[in-house]
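# Predicted coordinates and the sequence they were generated for:
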Amino acid sequence: MHLRHPDGHVFRVSADSSINNERLWKSAIRQQFHAAIDMLANAIHACPDSVWSGQPPRAFWYIAFHALFFLDLYLSPVGEAEFRPPAPFGLTELADGVPPERAYTKNELLAYLDHCRKKLDAVMASMTEEWPSLPVRSTIVPWATENCSSTTCGMCNITRRN
């Protein structure tokens with residue numbers, strides 16, 4: 001069987017075609033992540049100033065920041081203790097109920113979005129076929145068990161945090 005990716009690549013899918021299968025699933029995951037990042041970028045661009053401002057946790061700027069902060073954290077090779085977001089963002093998001101020191105601008109969050117997009121591409125480039133079944137380090141996801149795979153923890157974490 002052959003599948004055509006939107007970028008023009010044709011993938012042969014069969015039991016003996018692990019390289020093409022790996023390329024296919026990496027491409028599919030990357031495409032879905034980029035689609036979500038693009039949707040967030042579109043929402044940030046389209047958000048009227050009257051809706052942008054406000055106090056956390058319901059202000060639009062804060063919701064966008066929260067999504068980007070945790071995307072950045074989960075794409076990081078280090079745990080929460082070592083994680084450092086790019087300036088001007090701080091670590092208050094890791095403390096329950098502690099808002100950032102100030103509201104972030106659209107341009108700041110769009111720059112953070114670009115940072116996350118580049119980080120995603122780097123992570124995807126280094127991913128192997130074994131990645132979905134590898135255990136997650138509990139320093140990244142504290143509630144993860146030893147038997148929790150990257151895929152399972154990723155899906156569970158989406159439902160727990162958001």
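That came through, no problem.
# The residue lying closest to Leu94 once chain neighbours are set aside: what secondary structure?
Closest residue to Leu94 apart from its sequence neighbours, by Cβ to Cβ, 6 or more residues apart in numbering: Glu80 at 5.8 Å. From N, CA and C alone the C-beta is placed, and that goes for glycine too. Under DSSP: H, G, I helix; E, B strand; the rest coil, Glu80 falls in the coil class.
# Mind checking the pLDDT average for the lengthiest helix in the chain?
Longest helix of the chain, by residue count under DSSP state H: helix 18-46. Averaging pLDDT along helix 18-46 yields 87.
# Run through the neighbouring helices and strands of that helix.
strand 10-12, helix 60-74, helix 106-126 (3 or more Cβ pairs under 8 Å, 6 or more residues apart in numbering; DSSP states H and E).
# between the ones you listed, which gets the lowest average pLDDT?
strand 10-12 (a mean of 61).
# tell me the most buried of the helices and strands packed on helix 18-46?
When you average the neighbours per residue for each of those (mean count of other Cβ atoms under 10 Å), helix 60-74 leads with a mean of 20.
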